[in-house]
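J.: sequence unknown, structure follows:
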C-alpha cells in the first residue's frame with residue numbers, strides 16, 4: 001500500500017506517520033483504524049472518514065486518492081479565503097482611517113480656513129459635524145471590536161488554541177467564519 005522505502009527515508013512527520021501506521025497495521029488494525037489511532041496531527045477526521053468509507057466500499061486506493069485531493073482542495077480554499085479576508089480588513093482599515101482623518105483633521109482645517117471665517121455664521125454646518133462625529137465614534141467602536149477579535153483569534157491562538165477555539169464557538173459571526 002505504501003512505498004515503505006521512500007517513507008522511511010523521509011524525516012519528520014511523514015516518517016513518524018508511516019511508522020505509526022505500520023505498527024498499528026502489523027498489530028491487526030485496518031488502515032482507517034490505524035489512521036484514527038495516529039490522531040488528527042497526522043490524519044484529519046475527514047481524511048479518516050473518506051478512507052473508512054472507501055475501505056467499506058472495497059476501493060481503498062481510490063479513497064486514499066480522493067482523501068488527498070480533498071486535502072489539497074481544502075488547503076487551496078484556506079489560502080484563497082485568507083487573501084480575501086486580508087483585503088477586506090485592509091479596506092476596512094483604510095475606510096476607518098479616512099473617516100477619522102476627515103473628521104478630526106480635514107474638517108477642522110476647512111472650518112478654520114480664511115474662506116469659511118469670512119462667511120461667518122452664514123453657513124450652518126453644525127449638523128454635518130455632528131453626523132461626522134457620530135460616524136467617527138461608530139467607526140472607532142467597530143475598530144475596537146474587530147481589533148479585539150483579531151487579537152483574540154489570531155495573536156492569542158498560538159498560546160492556547162483549545163481555549164481560544166472554545167471561545168470562538170461563542171462569538172456568533174466569527175464562529176461561522178472560523179469554522
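T.: Nice, thanks for sending it over. Everything quoted here is computed from the prediction, not taken from an experiment.

J.: What is the burial count for residue 21?
T.: 21 (other CB atoms under 10 Å). From N, CA and C alone the C-beta is placed, and that goes for glycine too.

J.: pLDDT below threshold where in the chain?
T.: 1-11, 122-123, 174-179 (pLDDT under 70).

J.: State the next helix or strand along the chain beyond the longest helix belonging to it.
T.: Determined from DSSP state H, the single longest helix within the chain is helix 60-101. Scanning forward in sequence from helix 60-101 by DSSP states H and E, the next helix or strand is helix 107-111.

J.: Next, the buried residues of that next one.
T.: In terms of neighbour count (16 or more other CB atoms under 10 Å), helix 107-111 has its buried residues at residue 107.

J.: Which elements pack onto that helix?
T.: Judged by 3 or more CB pairs under 8 Å, 6 or more residues apart in numbering; DSSP states H and E, the packing partners of helix 107-111 are helix 126-150.

J.: Around the closest residue to residue 38 other than its chain neighbours, how many other residues sit close by?
T.: Spatial nearest neighbour of residue 38, excluding adjacent residues (CB to CB, 6 or more residues apart in numbering): residue 20 at 4.3 Å. Neighbours of residue 20 under the rule other CB under 10 Å: 18.

J.: hang on, the earlier thing: so which elements touch the longest helix of the chain?
T.: helix 45-57, helix 126-150.

J.: buried stuff in the last one?
T.: Taking 16+ other CB under 10 Å as the basis for neighbour counts, the residues of helix 126-150 that come out buried are 132, 136, 139, 143, 149.

J.: chain center to it, what's the gap?
T.: In terms of CA atoms, centre = their mean, to the nearest Å, the centre of helix 126-150 is found 25 Å from the chain centre.

J.: Give me the helices and strands touching that helix, please.
T.: helix 60-101, helix 107-111.

J.: The last one: what's the following helix or strand?
T.: With elements assigned by DSSP H and E, the helix or strand that comes after helix 107-111 is helix 114-119.
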